[in-house]
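Undergrad: have a look; sequence and predicted model below, questions after that.
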Amino acid sequence: MILPFTYLFEDTINSTINRLPYFSIYTTWTTHRKYDANKTFQRKVEKRKQILEQCNDERLNKINSEVIHIATRAFLINSGG
């Protein structure tokens with residue numbers, strides 16, 4: 001059985017892969033500005049975060065951690081680090 005958060009994980013992974021070339025200080029800054037200024041965007045982000053945090057599947061949590069690690073490395077590389 002595929003649980004609803006499985007689709008969210010898949011979407012998160014695909015979105016991250018598609019955006020890896022753009023992770024930088026500038027895009028982080030502009031995203032934070034959008035987050036701070038847009039309540040609808042804040043609710044969407046917080047809802048997705050809550051769903052991901054409630055996942056009890058260790059395999060999916062490990063994948064999520066690996067995606068975060070890869071995204072962090074891309075950010076550092078794209079920022080000249």
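TA: Now that the structure is in, tell me what you want to look at.

Undergrad: could you find the closest non-adjacent residue to the most centrally placed residue in the chain?
TA: Closest to where the C-alpha atoms of the chain average out (C-alpha atoms, centre = their mean) is Thr12, at 5.7 Å. Among residues not flanking Thr12 along the chain, Val67 sits closest, at 6.7 Å (C-beta to C-beta, 6 or more residues apart in numbering). Yep, even glycine has a C-beta here, placed from its N, CA and C like the rest.

Undergrad: settle this for me: that neighbour is touching Ile13, isn't it.
TA: Yes - using C-beta atoms under 8 Å, Val67 is in contact with Ile13, at 5.6 Å.

Undergrad: which parts of the host helix or strand of Ser15 are buried?
TA: Following DSSP states H and E, the helix or strand that holds Ser15 is helix 4-19. Of all the residues in helix 4-19, those buried under the rule 16 or more other C-beta atoms under 10 Å are 5, 8-9, 12, 16.

Undergrad: and Thr28, its phi and psi?
TA: With angles defined as degrees, to the nearest 10, Thr28 sits at phi -60, psi -40.

Undergrad: that one against Phe75, yeah?
TA: Yes - under the contact definition of C-beta under 8 Å, Thr28 touches Phe75, with a separation of 7.0 Å.

Undergrad: top helix in the chain by residue count?
TA: In the chain, assigned by DSSP state H, the helix with the most residues is helix 58-78.

Undergrad: pretty sure Asn61 sits against Cys55.
TA: Yes - counting by C-beta under 8 Å, Cys55 is a contact partner of Asn61 at 6.0 Å.
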